[in-house]
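Engineer: sequence plus predicted model, see below.
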Amino acid sequence: MKIFHKISYRFPAVRVAAVAIMLTALASSCKKDFLVEAPELELPQEEAYTTPQRVDKVITGLYSSAKNGSLFGGRYQIYNDIRAEEYILRDPNNVTGADVFQATNDATNSYISSFWSVGYSTINRANLAIDGLTKNVAGLAPTVIDPALGEAKFIRALVYFQLVQIFAKPYVLDAGASRGLPLRLIPETTLANNALASSKVSEVYAQILKDLDEAEAQLPVTYTSALAKTTRAHKNTVIALKTRVYLTMANYAKVREEGNKIVPQASPFSTTVGAGHALASNVATLFVPPYTVSESIFSFPMAATNAPGTQNQLAYYYNSFSGANLIYPLNKNTPGIYADPLWPATDARKVAFTALFTGSGLTAQPVLKKYNTPSPWTDFVPMIRYAEVLLNVAEAEAAAGGNAVRARALLDAVRKRSDATYDFGTLSGTALTETILKERRIELLGEGFRYNDLARLNRALPAIGAAGQNITVADPRYTFPIPVNEKNTNPLVGD
Amino acid sequence: MKKLLQSLLVLLCIAQVAVAQNRTITGTVTSSQDGTPLPGATVKIRGAKTGTLTSADGKYSVSVPNASTTLEFSYIGFTLQTKAAGSSNIINVALVPDANELTEVVVTGYGNIQRKSFTGASSTVTSAQIANKPVQSFGQGLVGQATGVSIVQPNGLLNNPPVIRVRGLSSLSLSSFPLVVVDGIPVSTSNSSANSAANNPLGDINPEDIESIDILKDAASTAIYGSRGAAGVLIINTKKGKRGETRLTYDGWAGVSNAVRLPEVMNAGEYIAYKNQAIRNLKSVNPTAQVATDAEGNSFFPNLRGDGTAVDTDWNDVVYRQAFTQNHNVSLSSANDKTSYFISGGLSDQQGFLKGNNFKRYTGRANVAHQATSYLKLTMNMAYTNSFNQSPNSGSTDGGAFASSGLGRLAFALSPNLRPFNDDGSYNLNPTGGTIGNGSNLISSTWSNPAVLIERDRNTSETTRLIANLGAELKLAEGLVLKSSFSWDRGNTENYRFWNPLSGDGFSTTGSAYNNNNRRNNRNFINTLNYNKVFGGVHNISLIAGNEAQSTKVDDWGAQRTTLSDPFYTQFQGQFINNTAAGNGIDATALESYLAIANYNYDNKYFISGNFRRDGNSGFAAAKRWGNFGGGSLGWEVTKEGFFENSSLSSVISNLRLRASYGVVGNAAVGAYNYYTTYDPTLYGENGTGFVFNRAGNVDLGWETSKQTDVGINIGFLSNRFSLEVDYFNKNIDGLILAVPQAPSKGIPGGTIRSNVGSMYNRGFEFSLNAGIFRDTEFKWTSTLNFTSIKNMVTALDPQVEQILSSTSGLEQTSITKAGYSAAQIYGVRTNGINPANGQRIFVDRDGREIQYLHQSAGNGYTYVDNGAPAPSPAAQQQILGNTLPTWYGGFNNNMSYKNFDLSLNFTFSGGNYIYNGSRAGLLDQRFWNNLQEVVTNAWSPTNTSGTLPFPVYTDNVSNGSAFLISENIEKGDFLRLQSATLGYRLPKTIFGTSGISGLRVYGQVNNAFVITGYSGVDPEISSNGNSNLASGIERNSIPQGRVFTFGISLSL
């Protein structure tokens, strides 16, 4: 029975086994945190509002969120500009807005859907910031909290304002009685609250103005660096935006009231209030580095390390230099503004911002070169310029109850900066207003104003992409449909 | 204990006495395939419990009682053969390889089990079925070999991960890819490439090193992998040394491959005429349309070369090639009583039929086992791989379908009257957009020049990987063994991407380079206590208890560089102006588990087994972290029953077994950090750094579990000459983790939050019929038919989520998942041909009303067919149009041999599904894109009113389905394919004399010989969305499959 001899190794073996089992235990269960793996590259939410430095980073993050290429980093401007008469299409690709140009875009367009969702994720981030700053669990000083709240409210108002113009009927159609947007004001981080009915357009505007008024009170008067003055909100930024919001509501008295805070009654039209703003003497200096002349009240900055992202860059769409795709050359025929006699070839804006391009199947085709920096596409995206504020006030002064003389003076100020000897001749009444509106088309070409300027006057879109049809406010194509993924998840959103 | 041993000894003595009275038969067992001896083959007297094994040279010696005794010869991977003892004392047997023959051992989790004791559901595939095929990973070789397992190769791009499904879709939001365990180590399986060169981690395992693959399908088998087993488990065992003389083998093959089933598009003459007509049509619809034409209204013209000939480019010639491919493998193996080893080295050098697509792999493996002492055994398996894949942007990897530089699309969309090179050999390019030069065409093509992309872009993904496993088995007492193994799977992938500044994706950034390093560290420590015992000769018990700890860390870093200072540079390291961080990340997960298994059988007649596992997963919050899984199974070997053995049936039915199992498994592929709500770093111009809310965590997220039932029967007829295995399975998946779409207006980053909602099932039948049609004659033919029918059904989603819409490459909405339907249905607008009166496409809205479309006409172009009144766009009138998951599939495999010749024919088939042929939408797009040749004769025109394609209006992208998905482009996906055909010849042994060569086989093989299908796209097995659960069955701009002819030799010494 020799085989039983083998039993003799039993004891050492058991000891070895015990050691082995203990080793496993060490590797896993006994080590209590074996199953705890925390992110090493992401900041837990609880840490976000604990120091002044982190508060500043969260606010910086709001601007960064808003300047996403799907939103204000490019697509917002492009979607507004290509819907009317100023451009023709070279590359029929829905990714670069061909369906928007042709007015065939529908609720399934994933780029417009991303425009919507990036807008709302910026709003939610602002809501989170407002909530975190208001709770202020770390007990930070009001000098830290208040300006930050002001900036968060400015961002929230800016996004709501641009979304409501594109995705809802114009305020002026029925004083905001139509379906507006879901008005999300509390932070969302959980599965709850998908369904939320759209508020009326007027309610969205009321919230925008409430946020802007509060922001005006909380924001700093100015900043020290020129870069911050142009890229972060101060009191004047909000005032300037309010002139635009009231103009969109056709509330001309309020445009004048807000405008008067930063626009003198008479020439020279510049201000030393707050950050201080004046028209740049040479328009060509506006869209080149450092992009921070005082006329640029608010722009979204770009940098080599923080570029707009593929197929969002303004220059890539409009320009023709090597690397650009020239998707939308300027329309060289009427009714495009390029061919309008009101915009002579001598105008510095035509000289500086347009060029004729031949090649790739095009011959002497005008193109917009306001955005002129190739890869990595670091052109700042202008959002609010003093020139626009002057034209806003001019339009309000030209309206009933306004001062037509001041209106004309403001119009001249903008025109003569670029064409010193130009004379509009006698202008009054409707002609004055129409000339101011045309001046906006020249001055603000490629800056994302065209659709909104038509919509706030209930005017039809002269949609050259839709075979030159005039698309009226009543036409379903006039307003971008609410994206299908919102309708699928939020049954209350409305049509 | 003592008594038991004594009785065993008594039994042994009896056996000894019995044997003494018998006659001895000797002989050699060889493989019919190459004539090499089979060491370790089993030779058994029918009805006896024991048998003998052949020696190293395949020789055996066995005592038989009388001439009517039947001998059974079996060997893993070969068909069982029987011979009557007869009168001769020498019986030589040549076994016929057969994959699906019942092999003797099933490798299950944490142990092996005799197949006869196994009561779960599994399929086994052996080396012969996967070796020597022109594939990059074993997965591609598995196609059609295993019942219930569906394997789809998304396209012909080298090293593209196959889509493997065991008994259907196992999840909606998590991976449905099975767990892959190599020599006991769970290995990582996700694509590790960061560019257009696909990188399949399973390609790091040399197919030639694989001995067998056991695919565990039912929950009773997979439950021991607990939370990782829901999608099935592939257990791969690599080759080990076998007893006998040292064996040296060489396997080599070389071949050519070509793209097949390419779409037929117009030539230059047809293109010019057709497109100019489309422009005239546009002008007739809308005279104010903006389009550049000459005075005659033409926009497209012949382009002449310097020698006056007209350009007529077949862009397929620019993009595709005849590719050469070769593979070499050497192995050395041996084993004696103490030590066994298997050492191999492999080299694979494969070209893709897509130009610039090259795959190279070097592998080395050493598997060593050593019985150090009578109680201690040490094992080591170590494999080192270097694989290198290179591919230009094919547009065929997951998410790449709409890449404007995707070569698959460029090959058919580019204008044939344009050319890649100018007369002087320079690239033909436009000044804007870096696009193909448009010659005399007045409308510029905005496609890239593929010649530049192939020559100047560089996308590579190179992996070096060590998979090592050290193990020890310590025998504590008779039948009681402590097993411990530590394994390390360390993969390092370097992804290089260089985009040239001249044309394509690098144009807008004046050249761009992005390099990323992806390091995966996966450590696994398993300790089990195993107890095996036979009590009273009939009570077979096997128990396992143990624990396991696994930790995985994936570490990524990289950078992107743009604006090349000079086109001279072609590397990341060249001079660029701008540098940004890109592709950085750290992901850590841990899994801790405790497990127990119990198997019992009574006299190999009644079987019962059960297992339990408790898993903790770091991906869940503390309260939800732990989950319990387990399963059980029952089996009954009817043929062992006395009543059966005595019945007349026993002469016909040689094996009859009934099985049933039930189990609960989970899906652990949840990833890291699910419960944290966090902020990501960001930048704001040069204003410094910021934080943005970027992850909404869910602390309530818990395990997704799958409850699976399996009932099966195995029947063998006539000494198992014919055998049939039938299983019914029902996988109920509850608590499905869904990335629940949130209202975008909530502003949740990514738009979804993961939550346990929804349920789904897969139900179906599996049949596997094996037939030794001729097995004891000189002409041998074995045949296996496997067939699976399966029904997937989503039974519930979150109450807040009516449906989940998915898109292809984030751009085109193609798919819908909704309760009451199988997952990933095609979702689009129904069409009803064209209006024969005017050639306009007819769309059907949800109310059934017909709407026709004339591009660029008044209003939005849509009018009602019935009254001509303006109609709204039907784009949002999508309906569910067809299921994309095949409802039946299988394989039909035949192995034949005659004398020294062997022939195998492997067919695969699948069907019951629909495919969205999105490429066809592009092939009929009326922009400057080239079109299918059929438009020439088949487009409607006032003079061709019987045409079935819409009236061509230049720039119309709606009527063809480019703007939104239309039912016109949906086709049935049924097919039958001759997956591979191999003809081999084994050289007679006599010619080798004393050279030492023991076998030499030469063979020729064709892969993807033909496919019979009504599907008109490049291939019915296609997946533009890779492994996606929610957007399967989509073909969009993909390159096709290849047909490969190879010639090879197998040599053994």
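Structural biologist: On my side now, so go ahead. Numbers count the residues shown, from 1 in each chain, chains lettered A, B, ... in the order given.

Engineer: so what's residue B:347 up against?
Structural biologist: Counting by CB atoms under 8 Å, 6 or more residues apart in numbering or on different chains, residue B:347 makes contact with B:327, B:328, B:329, B:360, B:361, B:362, B:363. C-betas here are computed from N, CA, C, even on glycine.

Engineer: what comes up buried for the helix or strand harbouring it?
Structural biologist: Element membership of residue B:347 [criterion: DSSP states H and E] is strand B:339-351. Going by neighbour count (16 or more other CB atoms under 10 Å in any protein chain shown), the buried part of strand B:339-351 is B:340, B:341, B:342, B:343, B:344, B:345, B:346, B:348, B:349, B:350, B:351.

Engineer: pick the one among these closest to chain A.
Structural biologist: residue B:340 (22.3 Å; CB to the nearest CB).

Engineer: for residue B:47, see how far away the closest one is.
Structural biologist: Residue B:340 sits at a distance of 32 Å from residue B:47 (criterion: CB to CB, to the nearest Å).

Engineer: what about the residue in the stretch 101-250 of chain A that chain B sits nearest to, neighbour count?
Structural biologist: The minimum distance from the stretch 101-250 of chain A to chain B, using CB to the nearest CB, falls at residue A:124 (2.6 Å). Neighbours of residue A:124 under the rule other CB atoms under 10 Å in any protein chain shown: 24.

Engineer: that's a helix at it, yeah?
Structural biologist: Yes. The assignment for residue A:124 by DSSP: H, G, I helix; E, B strand; the rest coil puts it in a helix.

Engineer: mind listing what it touches?
Structural biologist: Contact analysis of residue A:124 by CB under 8 Å, 6+ apart lists A:184, A:187, A:188, B:693, B:746, B:747, B:748.

Engineer: do you know the pLDDT at it?
Structural biologist: Turning to residue A:124, the model gives it a pLDDT of 98.

Engineer: host element of the nearest residue to residue A:136 once chain neighbours are set aside?
Structural biologist: Leaving aside its sequence neighbours, residue A:136 sits nearest to residue A:145 (CB to CB, 6 or more residues apart in numbering or on different chains; 5.7 Å). Residue A:145 belongs to helix A:142-167 when assigned by DSSP H and E.

Engineer: what is the neighbour count of residue B:984?
Structural biologist: A count of nearby residues for residue B:984, using other CB under 10 Å, gives 21.

Engineer: so what's it bridging to?
Structural biologist: Listed by DSSP bridges, the beta-bridge partners for residue B:984 are residue B:902, residue B:1003.

Engineer: wait, what's in contact with it?
Structural biologist: Contacts of residue B:984 (CB under 8 Å, 6+ apart): B:33, B:901, B:902, B:903, B:1001, B:1002, B:1003, B:1004.

Engineer: kindly report the residues of the stretch 201-350 of chain A close to chain B.
Structural biologist: Within the stretch 201-350 of chain A, the residues that sit near chain B (CB under 8 Å from any CB of the partner chain) are A:227-228, A:231-232, A:300-307, A:310, A:313, A:316, A:320, A:322-326.

Engineer: low-confidence stretches in the chain?
Structural biologist: By default, I'm working from chain A. Low-confidence segments of chain A, defined by pLDDT under 70: A:1-32.

Engineer: switch to chain B, please.
Structural biologist: Applying pLDDT under 70 to chain B flags the ranges B:1-21, B:33-34, B:49-50, B:76-77, B:97-109.

Engineer: so which residue of it lies furthest out from the middle?
Structural biologist: Within chain B, the residue lying farthest from the chain centre (CA atoms, centre = their mean) is residue B:295, at 55.9 Å.

Engineer: which helix or which strand is home to that one?
Structural biologist: Per DSSP H and E: residue B:295 is located in neither a helix nor a strand.
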